[in-house]
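Colleague: A predicted structure for the sequence below; I have some questions about it.
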Amino acid sequence: MEFRHIPVMVEEVIGLLKCEPGRIYVDATLGGGGHAEEILRRSEPNGIVIGMDWDQEAIEEATERLKPYGSRAKILRESFARLPEILKRMEIEAVDGILLDLGLSSIQLEKAERGFSFREDGPLDMRMDRRKAVAAADLVNQLPLFELERILSEYGGERWARKISMAIVSEREKKPFQTTQEMRKVVYRAIPKRFQSRRIDPATKTFQALRIKVNEELENLQKILDSGWKVLKRMGRICIISFHSLEDRMVKESFRRWERDGVVRIVTKRPLTPSEAERRYNPRSRSAKLRCAERQ
């Protein structure tokens, strides 16, 4: 089955990045290649996109999608946390634009065997890079109670972090967790029925927290927020699309710090959000927030 990821806020991204011929752009979260394809199209005939992702399946899909653009699309299986080092290795001093879309792609969400979604049963995995040693099952089966509680509370904003963590520890003593549905059922039982939201699945925050921890998402984001502006040319722009408050707060605070230091100008004083039409067409876009800063 082919999974075609729908890129979020494409027109807004293209407008902010000022895509033009002869420029070099980095799509640091390549996914299925949707944003990269549009950047390449808008920067014809000689704009270049360096596309990075650490998910091998994403790399394979994007490679196929971007074939028509030949050597203008340079695709690497790498983490964006290492962007300055990667550009140095490529002998590129600076780029005209950087894009980070911090959301999950359909490649990950719609394949049960990846373990990101609780809609269908699959292994409790959640690794974006399958070369990583630790999967979600390892965390829930091995971490002490206090650490599980911290992860669910900090990364998921889960009100019932204590009760869920206690239920996990109790359950794993009988049998180690292996699947997404085993995890989901424990969360359902731990949260009192009257507090279970009808709008959002009760397991959503727990799965989000585990995914963030497994992939060290906030640590990697902080690395590029510490150094990202340094690899931009003057007037080059960085666009970041976040999907939950922790990420958005980190981006907002970093952009403000950069602006105070006089190295960037914040282009989006408030984050841009998807149009009503896009939210209807692509419901997964509904929590997206897009922020942009320009190198001075």
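Modeller: Yep, that arrived.

Colleague: CA atoms only for stretch 113-131 - export them in PDB, please.
Modeller: Output of stretch 113-131 as PDB, limited to C-alpha atoms (Å, rounded to 0.1, in the frame of the first residue of the first chain):
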ATOM      1  CA  GLU A 113       4.000  -2.200  12.500                       C
ATOM      2  CA  ARG A 114       5.700   1.100  13.400                       C
ATOM      3  CA  GLY A 115       3.800   1.300  16.700                       C
ATOM      4  CA  PHE A 116       3.100   5.000  16.600                       C
ATOM      5  CA  SER A 117      -0.600   4.700  16.500                       C
ATOM      6  CA  PHE A 118      -3.100   3.000  18.800                       C
ATOM      7  CA  ARG A 119      -5.800   2.800  16.100                       C
ATOM      8  CA  GLU A 120      -4.600  -0.700  15.100                       C
ATOM      9  CA  ASP A 121      -2.600  -3.300  17.000                       C
ATOM     10  CA  GLY A 122       1.200  -3.400  16.400                       C
ATOM     11  CA  PRO A 123       4.500  -3.700  18.200                       C
ATOM     12  CA  LEU A 124       5.100  -1.000  20.900                       C
ATOM     13  CA  ASP A 125       8.000   0.500  18.900                       C
ATOM     14  CA  MET A 126       7.800   4.200  18.000                       C
ATOM     15  CA  ARG A 127      11.400   4.500  16.800                       C
ATOM     16  CA  MET A 128      11.700   7.000  13.900                       C
ATOM     17  CA  ASP A 129      15.200   5.600  13.300                       C
ATOM     18  CA  ARG A 130      15.100   1.900  13.600                       C
ATOM     19  CA  ARG A 131      18.800   1.800  14.200                       C
END
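
Colleague: tell me the mean pLDDT for it?
Modeller: Mean pLDDT, taken over the full extent of stretch 113-131, equals 85.

Colleague: Give me the contacts around that stretch.
Modeller: 54-56, 79, 104, 107-112, 134-137, 140, 177-184, 201, 203, 207, 210-211, 214-215 (Cβ atoms under 8 Å, 6 or more residues apart in numbering). To be clear about C-beta, it is placed using only N, CA and C from the backbone, and glycine gets the same treatment.

Colleague: Now do that stretch: distance to the chain's middle.
Modeller: Chain-centre distance of stretch 113-131: 15 Å, with Cα atoms, centre = their mean, to the nearest Å.

Colleague: Which parts of that stretch count as buried, going by neighbours?
Modeller: By 16 or more other Cβ atoms under 10 Å, the buried positions in stretch 113-131 come out as Arg114, Gly115, Phe116, Ser117, Phe118, Asp121, Gly122, Leu124, Asp125, Met126, Arg127, Met128.
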